[in-house]
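> sequence and predicted structure are below.
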Amino acid sequence: MTSKKLNISRKNFIKIIFPTLLAIFGVVGWLSGDFFGLVQKNGKKSEEKNVMIPSKNSYVLPIPMFDSNVIIEEAMAWRRSIREYEDDPILIEHLSKILWASHGINELNFEFRTTPSAGATYPLEIYVVISEYGTLIESSKYLDPGSYKYDTKTHSIELKKKGRLDKELAKASLNQEWVQKAPINIVICSMFKRTERIYGDRGKRYVHIESGHAGQNIYLMAAALNLGTVAIGAFHDDEVKNVIRADENEEPLYIMPIGIPKEPYKVFDKDILEYYEKNRQTYGT
Ligand SMILES: Cc1cc2nc3c(=O)[nH]c(=O)nc-3n(C[C@H](O)[C@H](O)[C@H](O)COP(=O)(O)O)c2cc1C
């Protein structure tokens with residue numbers, strides 16, 4: 001190399017080389033930050049784990065953005081009861097979407113919800129039990145474990161009972177181990193009186209139907225987010241109520257553990273086509 005080539009003037013350094021170096025460091029820094037972020041998001045390499053203590057016992061969820069790549073037919077095709085999950089947290093953005101799918105507001109004048117309700121009485125109350133390191137807020141920051149109640153009007157969750165509750169919840173659910181192993185468990189509860197006040201005895205039937213709507217929405221949103229869940233109906237009501245610290249006149253109807261599936265379930269339209277064509281030949285239609 002000649003000395004001429006190496007002779008970089010101070011002016012050139014400031015004008016060209018310095019901004020170029022800054023740009024290179026910027027891109028490298030941004031890339032590595034993102035990679036590390038992803039690794040930590042999967043909960044694999046995170047050295048330091050900080051638990052987030054919600055301010056004033058409530059945590060404001062990110063707004064559920066409409067940014068899924070999964071179409072409705074795929075979500076329906078991939079809905080399956082999944083009982084084995086990776087030992088990884090779920091993202092706060094995913095928790096936000098799951099809660100919104102269960103009972104969030106989607107009509108802004110009358111505050112109607114993502115699930116239909118008899119006479120718009122909205123008897124359901126949604127709780128989420130978060131395991132230790134079960135929900136990742138940002139790189140190595142997790143939501144405090146405990147039971148939280150979903151507030152539909154502000155799209156936030158309020159801490160009802162602090163601490164690790166996964167073991168107790170599994171015990172109340174006849175020791176179904178997927179309850180204990182899931183990073184989060186949604187508990188759909190109902191205040192029957194809200195609907196029975198208008199519809200009398202028939203209100204009970206409506207409430208059960210509504211809980212099915214919410215459960216199916218959770219299944220579909222989970223499938224759209226490549227998460228797995230299962231609807232659980234077998235549990236001791238009073239024990240579950242006690243574990244999540246539900247209000248006195250709220251009754252649990254469904255528990256839905258949610259996590260990253262060990263074996264994701266996928267089927268495609270061509271498989272379904274083949275299946276029906278074979279059946280049509282067999283049955284002569
Ligand atoms: C009302 C109801 C209660 C259920 N209770 C349980 C349960 O306690 N434990 C469980 O592992 N699965 C439970 N399931 C899930 C069913 O076992 C599952 O839906 C069924 O095997 C069909 O599988 P699929 O959901 O993948 O189509 C329940 C489902 C429903 C609809």
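Nice, I can see it. Numbers count the residues shown, from 1 in each chain.
> count the neighbours of the residue of the stretch 51-200 of the chain found nearest the ligand for me.
Closest residue of the stretch 51-200 of the chain to the ligand, CB to the nearest ligand atom: S81 (3.4 Å). C-beta coordinates here come from the backbone N, C-alpha and C atoms, glycine included. The tally of other residues near S81 (other CB atoms under 10 Å) stands at 13.
> so it sits against V230, correct?
Yes - shown here, S81 and V230 form a contact pair, counting by CB atoms under 8 Å, at 4.0 Å.
> low-confidence bits of the stretch 51-200 of the chain, can you list those?
52-56 (pLDDT under 70).
> show me where it has its strands.
Remark: strands assigned in the stretch 51-200 of the chain by DSSP state E, counting those that start in this stretch are 58-60, 90-91, 124-130, 135-138, 141-143, 146-151, 156-162, 184-190.
> tabulate the ones you listed (TSV), appending distance to the ligand and mean neighbour count.
Listed next are those as TSV, based on distance: least, CB to the nearest ligand atom, whole Å; neighbours: other CB atoms under 10 Å:
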stretch	distance to the ligand	mean neighbour count
strand 58-60	29	16
strand 90-91	19	20
strand 124-130	15	25
strand 135-138	22	20
strand 141-143	25	22
strand 146-151	20	23
strand 156-162	23	18
strand 184-190	11	25
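> re earlier: what sits against the residue of the stretch 51-200 of the chain closest to the ligand?
For S81, the contact set (CB atoms under 8 Å, 6 or more residues apart in numbering) comprises T229, V230, A231.
> and the first one, how far from the ligand?
Looking back up the chat, that one is T229. Noted for T229: a distance of 9 Å to the ligand, by CB to the nearest ligand atom, to the nearest Å.
> ok, that residue - how many residues close by?
T229: 29 neighbours (other CB under 10 Å).
> what are the phi and psi angles of it?
Taking degrees, to the nearest 10, you get phi -150, psi 170 for the backbone angles of T229.
> just the pLDDT at it, thanks.
Confidence at T229, expressed as pLDDT, is 99.
> can I assume it is in contact with N217?
No - at 10.9 Å, T229 does not count as touching N217 under the criterion of CB under 8 Å.
> which residues does the residue nearest to K266 when sequence neighbours are not counted contact?
Nearest residue to K266, sequence neighbours excluded (CB to CB, 6 or more residues apart in numbering): W78, at 5.7 Å. By CB under 8 Å, 6+ apart, the contact set of W78 is V70, A223, P264, Y265, K266, V267.
> on that earlier part again, partner residues bridging the residue of the stretch 51-200 of the chain closest to the ligand?
Beta-bridge pairing for S81 (DSSP bridges): T229.
> quick check: it vs Q176, distance?
When CB to CB, to the nearest Å is the yardstick, S81 and Q176 sit 12 Å from each other.
> how about N217, nearest residue that isn't a chain neighbour?
Nearest to N217 is A101, by CB to CB, 6+ apart, at 4.3 Å.
> I272 - that's part of a strand, no?
No - counting by DSSP: H, G, I helix; E, B strand; the rest coil, I272 is located in no strand; its state is helix.
> which ones are touching the closest residue to it other than its chain neighbours?
Nearest non-adjacent residue to I272, counting by CB to CB, 6+ apart: A77, 7.2 Å away. When contacts are counted by CB under 8 Å, 6+ apart, A77 touches K266, V267, F268, D269, I272.
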